[in-house]
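K.L.:
need a structure here:
(chains A and B)
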Amino acid sequence: MDKFTELTAIAAPMPTENIDTDQIIPARFLKTIQRTGLGKNAFAAQRYDADGNEKPDFVLNQEPYRHAEILITYDNLGCGSSREHAPWALLDFGIRCVIAPSFADIFFNNCFKNGILPIPLPREICDELMDDARQGSNSRLTVDLERQVIVRPNGETIAFEVDPFRRHMLLEGLDDIGQTMAHDTEISSFEHRPSRAWVPSITIGTVK
Amino acid sequence: MPVTNSPRTLFDKIWDDHVVERIEDGTCILYIDRHLVHEVTSPQAFEGLRLSGRRVRRPDATVAVVDHNVPTSDRSKPIEEPQSRLQIETLEKNVAEFGIPYFPLRSASQGIVHVVGPEQGISLPGMTIVCGDSHTSTHGALGSLAFGIGTSEVEHVLATQTILQKPAKNMRVSVEGKVGPGVTAKDIMLAIIGRIGTAGGTGHVIEFAGSAIRDLDMAGRMTVCNMSIEAGARAGLVAPDETTFAYVKGRPFAPKGEAFDQACDYWRSLASDEGAYFDTEVTLAAEEIIPSVTWGTSPQDVLPIDGSVPSPSDVADPARAAQIQRALDYMGLEAGQKIAGTPVDVVFIGSCTNSRLEDLRAAADVVRGRHVAEGVRAMIVPGSGLVKHAAEAEGLDKVFLDAGFEWREAGCSMCLGMNPDRLTPGQRCASTSNRNFEGRQGPDGRTHLCSPAMAAAAAVRGHLCDVRELAKETV
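P.N.:
Sure, this is the predicted structure:
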């Protein structure tokens, strides 16, 4: 996973609630066995017409937002399916940070696992940032994870919260599996607790 | 893990019993008892293991099945879609390489992962259960903590049999009283989502309680817990009781004999303590729930079947008004129109929400002696090979086939457009599935969520209608 430290980038405003992961990447594109290559189909239904031509009114088809690395939306971003293809598609498109008043739990989690920083901020602040974003290419936002602030184009800073553990993993670009495997002794000892004796094992030959 | 004497919820107890270690900032290493794997969200996880030279820690706690992109037509033919075939072959290669128990497509027990798990006794009360699928919340009906995870977490669980998480908040949704005729678990859950909204449960695990939930059979409880994610919750659960134990007993992978009795003692101890703290409490009166459908493109867009479609002018927030207008345009509906009477092109009875034997029986009770309306395509997709077989033993297949329904093989089918069962643009569907998102059942398809009985009623009338009216007619 790539580190996330500081990002200065174009932000795309999408003033919509409940953007579900089916919108971010429709199911027909989930047949891949890879993590990469999904960016061209991010938001496919809104981005392309039936013949595959770009719809000019969709924000990510417009300049400068086709180069956006930050996405700002309204409440409950990423609701619905757990598909990690949604953050993969965003990442492959170029998005490294998503800002919204609230996020669906699984999507929120999936973002961190892929080096995308999700930032929950009150709706009024999201509105202000969207106004900034609408100013176009000279109006970049800076997201500084080290300092936990967003710097607006007018120089104003907005503080944000992030779990210390997740912040650490992003700043260092760490693999959390390796971290957990370091706790192997504790996991093994948990597995041998007498209170767990009732949990049956599933032997391979018994499933047919 | 230190366990205090203060009253705890069902969720607290299962959580506490699975904490391996609390690490920095309150994040816990949580042990996972069952990891269910399917073909769509696992290939990148297995590839990750291979690239880092890791093994699967507990293949004996892991079970794989194919469901999302399998065709539900004749199984003797090869899978035509090359990408679907590749995904299925990739899963088969991975389960062989890593030694994971697997229900192949040709198995009589193959089916939707959330039907197969409980049906086989693989999912049990008191367990932590994960799967790379948001509808893993279904298994919470057994009184287990079950939730969907992304593919990176699938890899984490395969490698470590644990997950990193902070505890969720507790929410209790109580449905008190008795539901009226024609009102099912699906209507109860749609009413709950309509009340709290699709983000109402965010950050919470919901315990479903109250007499109307207790009265549900296990299939009904699974329907309710299944759609917890549509209320934004991390998981949904119901305290295990005698209904649960009777369901679990004798299932192939459930504990047997004395071990079963001991497990039951433990499972009984999991019910929320008197006075346990819930961060959020919601109560609904069962008598007030009537058969419901969705009108829009979010599961919270719920209407009682005698209701009318909302208008953008009903709301003050311009963003919300724009959203209503967009949903109306997408769904091809007029503001203020009655939802009953809306013609349908397709009826889909199936999915991890509503494809169990009890669901098929409820649909058959409506269909028996009637016929699918002209011009409507109606399909029944049982949740598993075993459900299909049991339904056939009762003659339900004949009821459906005589009425003009398609009787198909088990799989996720038209719940999501990953297999050949899809809506074409503009088609309108009464569906027993869980999501009415734009494009969910196929690009530009229009979905109205409802119960199996309501879907069956729509099939025979050719439009959305109140199933209770059909019950009054003699066939």
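
K.L.:
Every contact and neighbour count from this point should use C-alpha atoms.
P.N.:
Fine.

K.L.:
Quick one: list the elements packing against the longest helix along chain B.
P.N.:
In chain B, ranked by residue count with DSSP state H as the criterion, the top helix is helix B:82-98. Helices and strands touching helix B:82-98, as assessed by 3 or more C-alpha pairs under 8 Å, 6 or more residues apart in numbering or on different chains; DSSP states H and E, comprise helix B:43-51.

K.L.:
for the stretch 251-400 of chain B, what spans make up the strands?
P.N.:
B:280-285, B:292-294, B:302-304, B:346-349, B:377-380 (DSSP state E, counting those that start in this stretch).

K.L.:
Return the list of strands paired to the third one, each annotated with direction.
P.N.:
Taking DSSP bridges as the criterion, strand B:302-304 sits next to strand B:292-294 (antiparallel) in its sheet.

K.L.:
A helix includes B:Met171, no?
P.N.:
No. The assignment for B:Met171 (DSSP: H, G, I helix; E, B strand; the rest coil) gives strand, which keeps it out of a helix.

K.L.:
Quick one, grab the pLDDT at it.
P.N.:
Note for B:Met171: predicted pLDDT of 98.

K.L.:
For it, give its distance to chain A.
P.N.:
15 Å (C-alpha to the nearest C-alpha, to the nearest Å).

K.L.:
ok, that residue touching B:Val205?
P.N.:
Yes. Between B:Met171 and B:Val205 there is a contact under C-alpha atoms under 8 Å: 6.0 Å.

K.L.:
which one of these two has more residues nearby?
P.N.:
Applying other C-alpha atoms under 10 Å in any protein chain shown to B:Met171 and B:Val205 shows that B:Val205 carries more neighbours, namely 27 against 24.

K.L.:
State the phi and psi torsions of that one.
P.N.:
Dihedral angles phi and psi of B:Val205 (degrees, to the nearest 10) take the values phi -110, psi 130.

K.L.:
between the longest helix of chain B and helix B:43-51, how big is the angle?
P.N.:
Counting by axes from the mean of the first three to the mean of the last three C-alpha atoms, to 10 degrees, helix B:82-98 lies at 40 degrees to helix B:43-51.

K.L.:
after helix B:82-98, next one along is what?
P.N.:
Sequence-wise, the next helix or strand downstream of helix B:82-98 (DSSP states H and E) is strand B:102-103.

K.L.:
And the contacts of that following strand?
P.N.:
A:Ile204, A:Val207, A:Lys208, B:Val63, B:Ala64, B:Val65, B:Val66, B:Val95, B:Ser109, B:Gln110 (C-alpha atoms under 8 Å, 6 or more residues apart in numbering or on different chains).

K.L.:
Excluding its own residues, what touches stretch B:77-97? List them.
P.N.:
With contact meaning C-alpha under 8 Å, 6+ apart, stretch B:77-97 is reached by A:31-33, B:38-40, B:42-43, B:46, B:64, B:66, B:69-71, B:101-102, B:104, B:419.

K.L.:
Check the offset of it from the chain's centre.
P.N.:
Offset of stretch B:77-97 from its chain centre (C-alpha atoms, centre = their mean, to the nearest Å): 24 Å.

K.L.:
same deal with stretch B:330-343?
P.N.:
26 Å.

K.L.:
Can you give me the buried ones in it?
P.N.:
B:Tyr330, B:Met331, B:Leu333, B:Ala335, B:Lys338, B:Ile339, B:Ala340, B:Pro343 (16 or more other C-alpha atoms under 10 Å in any protein chain shown).

K.L.:
Stretch A:1-9 now?
P.N.:
By neighbour count, and taking 16+ other C-alpha under 10 Å as the criterion, the buried residues in stretch A:1-9 are A:Phe4, A:Thr5, A:Glu6, A:Leu7, A:Ala9.

K.L.:
Can you tell me the centre-most residue of chain A?
P.N.:
With distances taken as C-alpha atoms, centre = their mean, A:Cys111 lies nearest the centre of chain A, 3.3 Å away.
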